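Asks: What follows is a protein structure lacking sequence information:
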């Protein structure tokens, strides 16, 4: 029997820090997005900076690592860093405040299309990604 085509088919789901935190906390809506993405062969990715930003000393380390093991962690290369700088320049944002957002945005823009990003920073991510990434508030 063929799988029904869903709204998340053949592409990439990107989690930013808040998306990762809510998934690790088993927040229902984020968990549903991740489950649907995985069921439909979507790549579920995060930037290598995202676990650092979302790290919480109160969360059990083994549980956090289990969640991370279910995702593809994309490296931050020189090329990606320069793309993030270009995104900051184009959006008129300062790297001191928006550096990690810019790296996450650059990671999303390089991902297999279509790309959906779960984030709490919708305004910033729309500025950085434009219309190339579907930004979903979590």
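Replies: Yep, that arrived. Treat the numbers as computed from the prediction; the structure is a model and nothing was measured. Numbering: from 1, shown residues only.
Asks: which is the next helix or strand following the lowest-mean-pLDDT helix or strand in the chain?
Replies: Of all regular secondary-structure elements in the chain, judged by mean pLDDT, DSSP states H and E, the least confident is helix 61-69 with a mean of 93. Helices and strands here follow DSSP states H and E; after helix 61-69, the next one along the chain is strand 72-74.
Asks: Pairing partners for that next one, with directions?
Replies: In the sheet, strand 72-74 lines up against strand 43-47 (parallel) (DSSP bridges).
Asks: got the angle between the partner strand and helix 61-69?
Replies: Computed with axes from the mean of the first three to the mean of the last three CA atoms, to 10 degrees, the direction of strand 43-47 lies at 120 degrees from that of helix 61-69.
Asks: how about the biggest helix by length in the chain: buried residues?
Replies: Among the segments of the chain that qualify as a helix by DSSP state H, the longest is helix 95-110. Along helix 95-110, the positions that meet the burial threshold by neighbour count (16 or more other CB atoms under 10 Å) are 98-109. The C-beta positions use only the backbone N, C-alpha and C, and glycine is treated the same way.
Asks: swap in stretch 70-79?
Replies: Within stretch 70-79, the residues that qualify as buried by neighbour count (16+ other CB under 10 Å) are 71, 74, 76.
Asks: Check stretch 41-56 too.
Replies: Neighbour counts over stretch 41-56 (16+ other CB under 10 Å) mark 42-47, 49-51, 53-54 as buried.
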